[in-house]
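Q: Kindly return the folded structure for what I paste below:
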Amino acid sequence: MRTLRTVILLLLVLPGACRGLVIDHDCTDLSQVPEWWIRQARAAFRMTYGHTSHGSQVVTGMDALVDTFPVYQFFDDHDYYLSGAGNPQAPDSVLSLWDYVPGGDLGNPDWVTWAGLTDTMLSNANGAYTIYPHQRNLVMWSWCGQVSWADSAIIADYLSLMSGLELSYPNVTFVYITSHLDGSGVEGNLNIRNEQIRAYCRAHDKLLFDFADIESYDPDGLVNYMVLYGTDGCEYDSDSNGNPWGDANWAQQWVAAHPDHELSRLAAACGDCAHSERLNCILKARAFWWMLARLAGWPGPSGVAQGPAAPGTATAGFRVWPNPVRSLGQLRFSRPGAYRVFNALGQVVAAGNGGRLPDKAAPAGIYFVRSAAGGPCRRLVVIR
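A: A predicted model of the protein is given here:
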């Protein structure tokens, strides 16, 4: 009953603008993301990413991005928290990303182990971490082919386990994810199960990194290659015989047609992209940083600006900055009035008048700021 009341409270307090986010093929153009928001994301998040070979595509692309554009800095400081001093720690201004942590993926060694590993890691129940709390506030896992043969009950269990972790760790953001393409097309089991994940995320306002959708489109976004039996290697059926294997390859075709494009140059500099083409790795890395910017508070290319990047701009709502903060008293508002800050359980943790909140400490995590008069809310990140 307590869990039900918590869920209802969340739905009542947090308007749609603060809940639910899908990262797909429309989220790969980083030229639309202000650099300020990338820097905010780097400072805001301390994440873990459990995956095997297919999931490595994201990080492979991230490596290529940062080699060309240093603003996309990240660092794996897992050993620092695991073993203590003597191992390097990510600076506060650099994204801390524990790669391959925990080990395995969403279907390896079985369908449920990942959830237990996540719980143990976040709680440090086994005392593995010398330095704790380790400040992890973003958790992502990926699949590696298992969805192709999963049934609806297995996916339902995955979704239930994710929801359970969200309730257990309300200050941690969990990223739902679809699985890579396998050449089976619209009617294949893979697409049916991916649609099950998408439908759940839409219905329950979850954060979804749509791995399959990102590799279903080239950068022009005009053709859905999944419909043409697209594969994880970017192959597709170009001659309508239902067999994509060894047929045309959209990534190779796009790079050949755009040899001087920034994406083609990044792909040429990218390391080996497991099971796929280098362009696919670049697109997934760009979608990943888009996701982080959105989580840090960037409203998207058509949204209302937040923060000092657009001072004095008239808006339909309000702006808060800086974001992230270390104390709620640091918050500034673009409009005077009364404001309230809610945690992820929908509980009011701070309130104030005159455009400023009391200088009150709050645990690191994701919060939501809303005018006491109602209306839109703004996502706030508190760091330590």
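Q: all contacts plus neighbour counts: C-alpha atoms, from now on.
A: Noted.
Q: Identify the residues contacting residue 356.
A: 329, 331, 332, 333 (C-alpha atoms under 8 Å, 6 or more residues apart in numbering).
Q: Take the residues you listed and write them to JSON lines, including pLDDT and secondary structure.
A: Below are the contacts of residue 356 laid out as JSON lines (pLDDT from 0 to 100; DSSP: H, G, I helix; E, B strand; the rest coil):
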{"residue": "329", "pLDDT": "82", "secondary structure": "helix"}
{"residue": "331", "pLDDT": "81", "secondary structure": "coil"}
{"residue": "332", "pLDDT": "78", "secondary structure": "strand"}
{"residue": "333", "pLDDT": "74", "secondary structure": "strand"}
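Q: hmm, which of the residues you listed are the buried ones?
A: In the contacts of residue 356, burial by neighbour count holds for 331, 332, 333, counting by 16 or more other C-alpha atoms under 10 Å.
Q: Any chance of a markdown table for those, columns distance to residue 127?
A: Formatted as a markdown table, these follow (distance: C-alpha to C-alpha, whole Å):
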| residue | distance to residue 127 |
| --- | --- |
| 331 | 35 |
| 332 | 39 |
| 333 | 41 |
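Q: Go through those residues and say which is closest to residue 179.
A: The nearest member of the buried ones among the contacts of residue 356 to residue 179, counting by C-alpha to C-alpha, is residue 331 at 39.0 Å.
Q: Dihedrals phi and psi, that closest one?
A: According to degrees, to the nearest 10, the main-chain angles of residue 331 amount to phi -70, psi 140.
Q: ok, and the closest non-adjacent residue to it?
A: Beyond its immediate neighbours in the sequence, the residue positioned closest to residue 331 (C-alpha to C-alpha, 6 or more residues apart in numbering) is residue 321, lying 5.7 Å away.
Q: which strand residues sit across from the one you found in the sheet?
A: On the basis of DSSP bridges, residue 321 is bridged to residue 332.
Q: Could you give the number of residues near it?
A: When neighbours are counted by other C-alpha atoms under 10 Å, residue 321 registers 17.
Q: ok, it to residue 332 distance?
A: Using C-alpha to C-alpha, to the nearest Å, we find residue 321 at a distance of 5 Å from residue 332.
Q: What of residue 177?
A: When C-alpha to C-alpha is the yardstick, residue 177 and residue 332 sit 34 Å from each other.
Q: do the same with residue 231
A: Noted for residue 231: a distance of 48 Å to residue 332, by C-alpha to C-alpha.
Q: Now for residue 88: which residues touch it?
A: For residue 88, the contacting residues are 77, 79, 80, by C-alpha under 8 Å, 6+ apart.
Q: just those now: which is nearest residue 36?
A: Proximity of the contacts of residue 88 to residue 36, judged by C-alpha to C-alpha, is greatest for residue 77, which lies at 23.5 Å.
Q: okay, now the domains of this protein?
A: Using automatic domain parsing, the domain parsing of the chain gives 2-296, 320-382.
Q: quick one: the longest one to chain centroid distance?
A: Taking C-alpha atoms, centre = their mean, to the nearest Å, one finds domain 2-296 lying 6 Å from the centre of the chain it belongs to.
Q: Also stretch 325-340?
A: Relative to where its chain is centred, stretch 325-340 has its mean C-alpha point 26 Å off (C-alpha atoms, centre = their mean).
Q: Which residues does it contact?
A: The set of residues external to stretch 325-340 that reach it, using C-alpha under 8 Å, 6+ apart, is 312, 318-323, 348-362, 364, 369-373, 380-384.
Q: got a list of what the most centrally placed residue in the chain touches?
A: Most central residue of the chain, judged by C-alpha distance to the mean C-alpha position with C-alpha atoms, centre = their mean, is residue 291 at 4.7 Å. Shown here is residue 291, whose contacts under the criterion C-alpha under 8 Å, 6+ apart are 23, 27, 209.
Q: Of these, keep whichever come out buried.
A: Of the members of those, the ones counted as buried by neighbours, 16+ other C-alpha under 10 Å, are 23, 27, 209.
Q: Do a quick rundown of the helices in the protein.
A: Assigned by DSSP state H, the chain shows helices spanning 2-13, 35-44, 56-68, 78-83, 113-123, 152-168, 189-204, 211-214, 250-257, 262-269, 278-296.
Q: Dump these into TSV; add mean pLDDT as well.
A: Conversion of those to TSV gives the following (pLDDT from 0 to 100):
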stretch	mean pLDDT
helix 2-13	38
helix 35-44	93
helix 56-68	97
helix 78-83	97
helix 113-123	98
helix 152-168	97
helix 189-204	96
helix 211-214	98
helix 250-257	98
helix 262-269	97
helix 278-296	96
